[in-house]
Structures are given as structure tokens and as C-alpha cells.
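Engineer: Got a sequence here, can you build the structure:
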Amino acid sequence: MAANTKTSRKVARYAVPVAVAGVAAATVAMVPAFANAGGPDLPKVTAQQLVEKIAASEVQQLSGTARISTDLGLPKIATGLLGGGGVAGGSANPEDKVAQLANGTHTLRVAADGPDRQRLTFLDGKDEYSLIHNGDDVWGYDSKSNEVFHEKNPEAGKGSGKDGKDAGKEHKTGDRLTASPQQMAEEILKAAGTTTDVSVGDTAQVAGRDAYQLVLKPKQSGSTVGSVQIAVDAKTGVPLRVQLLSSQGGKPIVDAGFTKVDFAKPSADTFAFTPPKGAKLTEGTDGAAKGDKDDAFKALESFPGLDGLMGGPNGKGDLKVLGEGWATIARIDSGAGKGLKDLENDKNAPKEAKQFLDSLGEKVSGKFGEGRVLSTRLVNALITDDGKVYVGAVTKDALVKAADANK
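Structural biologist: The predicted structure is shown next:
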């Protein structure tokens, strides 16, 4: 859901505060399944009881190590854009670093002490990248490039209630750690609605702790998501691992979980940061978050020769959301008046643009006309010859059907 103000956009870049307590049982289609004896022997619980356990968790402090593996099945050219190597190196801007989690396997150190103090450290051999939130300050530090990013975050720790009266009350550990298993789980639970079946799967052990597993499955057909499995600490109710499984099977698309976790209060020094001597310092600005609608075109515009196809920074593009739940599709009309065929037939088009078209995969056709499909294990996109884009976590057939109905 798009933010409406500069302030909220700035906060959202590092994490969107999510209250698990707001996930009411009435908004989730609960399946009365029970945990079986496939793992640790734990008392049986229903799905509703497990969601309530997560919501009731009062854990505000933790530290540990987490591992995130992502296999989107991206084309080689897209993988290169996300950064095929480690996280360390280059800009210290948090947005650049978090984007790299969409590719490969990464190890992180995680620490949190309430809603106002969190730290994520991405480990990359001898190099590290740290993202620190301490009160009003957000810091990013890249040890390899010796660059520092800093931005004031005046909304830190404020609740979502009217006039900020709920400040700090609805925040749980890791609320602003976008890469932590707990934050991922809370975002997923918030998004779950009447299009989702929720049940309890096998018990498991994660980071040496006994856990239940909450299983979310799409009710709708056409989704690329088979299920989401959230391992929940049996004692504290804290999500320890999130696995996103493909409807086509195979290894998880995303597997993010703690390998070690401690619920003791981290030392205050954990969140202290002073820029090293000689480091290049960049101060963040509101301008870095501008343009909600323009963000939809930014990725394609980054390819040489494709800026005209997507309408460019001053294009008249329009975004429309089709469907709901797991079958949601975004229809983007660039307003450029230029299509894929124009680019294919342009002898002066840069080779990078032609390489991108070749990576899109098979050509498709329907009532909408013709186009190409960019396929990954999770998100697929149909780019039509007249410049429209249909994208979602749905199958190719679902995209073609949507294009036919909304040409």
C-alpha cells in the first residue's frame, strides 16, 4: 500500500511498523487444523490460537544471526542488476543494499531493543554493511567502500494511533528490520485475508528452539505462491523463520530464518555509531523517496534505450490494480505511445535494450495483441507491444487473461 506523505515514505524505506495484534481472526479464514508429531512434541493448537500467540508476544529485545536465501529464478541480466556479488561495496544507501537481498544467500547479525533501536549487519566475508536505527537517527555504513549514509527519522518509535498516543505500544521486536524473519512474518499476516487458508503444519526446530508452523495457502487459482510457512517460537510467540514456497514445487523461493537467537537485552553499545575517520558521509533527503507512481517505471527506465518505451521521468503513465489477494495484478500504462515492436525495429537502440528484450522470454498473444513475458519463480510480467505492463505473483496464463479483459 503506497504511503501518502513524505514523512511516511521516508520511514517506510527502512520498515513499515506493523501491529500483529491488528490481524483479527475475522479477517483470516482459519482452517481448524492441528500440529502433528512430525517434529518436537508440543501441545496441539489451532491456527487461530497460533495467530493470537504471535499477536500477544511481548518480546521487545533480541539478538542473533539470521540467514536469507532467495531464488527468484531471475534472468541473468536482471540478476546482474541486483548485484551478483556480496552486499558490501558501493553506495551506503540502505535502499541499494536491501534490494540485493532479492538475489542469492546472505548472512545477517540482528539486534533489537524496542521500537527505537535496531541493527542489521550484512556479513560479506571480511567486509560488512550495517544499518543502524537509534532513536531519531538512521545510519548505513559500508566497510568496503568506507561510505556512510545518515538520515534523521523523527517518526521513530511513534505509534500509528491518533495524535501518536499509541507511541511504542504496537511495535514488536524487529518492526523496522525489514530483513528480519519477524518483520517478514508480520507483513505476511497483515496481508492475509479472506483469500487465504490458514492452518497449522508440522512442528519444527529453528535456531535450536521448538516451534509451531503456521501455513498460509492461496484459495485462488493462478498464483505462483504455493504456500507461506511461518515457524513460531513455541515459548515466546516470536516468528523465527519464514519460507515462501512455489506452486510449482522445488526449493523455497525465499527462506529467511534465525540460525541463532537470544532474547536477552542487547547492550546499548550495539546501537551506537560514529562515522569512521575519513569516511564519505551522505545525508539523506526527502527527494530520495519522491514519486510513488514513478517508482513503477524506474526499473525498466534504468535500461539504456527503454526510457522512451516507459514514458520517461515525465511520462503520463497510469497504474491500475486488478483483482485481489494472491491474484492481484498491477496494470501499468506507460502513456509513452511506443511499444516493444518499435524498440525491436529500432536500428539505433542500444544493445543493452536488445539484450533485455531477449531475456524477457517467450512471445505471447491474445485479444490484447502481442507481447513478451518476463518470468521468475515468483513474479511474472507481461509487456505488450503497445507499451502496457501487467505484473503480479501470478502465472503467465493469468496475465494473458487479465490483459485480454483489460485491453
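
Engineer: low-scoring pLDDT stretches of the stretch 51-200 of the chain, where are they?
Structural biologist: By pLDDT under 70, the low-scoring segments of the stretch 51-200 of the chain are 74-90, 153-186.

Engineer: What ranges does it have for its helices?
Structural biologist: 76-82, 94-99, 181-191 (DSSP state H, counting those that start in this stretch).

Engineer: Check whether Thr196 really touches Ala327, as I assumed.
Structural biologist: No - if you go by C-beta atoms under 8 Å, Thr196 and Ala327 don't touch, sitting 11.5 Å apart. All C-beta atoms are positioned from the backbone trio N, CA, C, and that covers glycine.

Engineer: overlap in contacts of those two?
Structural biologist: Pro218 (C-beta atoms under 8 Å, 6 or more residues apart in numbering).

Engineer: who's more crowded, these two?
Structural biologist: Remark: of Thr196 and Ala327, Thr196 carries more neighbours, 23 against 20, as counted by other C-beta atoms under 10 Å.

Engineer: what's the spacing between that one and Ile188?
Structural biologist: 9 Å (C-beta to C-beta, to the nearest Å).

Engineer: what is in contact with the two at once?
Structural biologist: With C-beta under 8 Å, 6+ apart, Thr196 and Ile188 have common neighbours Leu216.

Engineer: Let me know how buried Thr224 is, in neighbour terms.
Structural biologist: Around Thr224 there are 23 residues (other C-beta under 10 Å).

Engineer: show me what contacts the residue lying closest to it once chain neighbours are set aside?
Structural biologist: Distance criterion C-beta to C-beta, 6 or more residues apart in numbering; nearest residue to Thr224, sequence neighbours excluded, is Ala393 at 5.1 Å. Ala393 is in contact with Ser223, Thr224, Val225, Trp326, Thr328, Leu378, Val379, Asn380, counting by C-beta under 8 Å, 6+ apart.

Engineer: got it, and Asn146?
Structural biologist: Neighbours of Asn146 in contact, by C-beta under 8 Å, 6+ apart: Pro276, Gly278, Ala279, Lys280.

Engineer: now with 6 Å?
Structural biologist: The contact partners of Asn146, by C-beta atoms under 6 Å, 6 or more residues apart in numbering, come to Ala279.

Engineer: same question, Val389
Structural biologist: Contacts of Val389 (C-beta under 6 Å, 6+ apart): Ile332, Ile383.

Engineer: what bridges to it?
Structural biologist: Ile332, Ile383 (DSSP bridges).

Engineer: Roughly how far does it sit from Ala330?
Structural biologist: 8 Å.

Engineer: same check, this time on Lys152
Structural biologist: Counting by C-beta to C-beta, the gap from Lys152 to Ala330 is 32 Å.

Engineer: Neighbour count: the two, which is higher?
Structural biologist: Ala330 (16 against 13).

Engineer: what number of residues lie near Gln100?
Structural biologist: 21.
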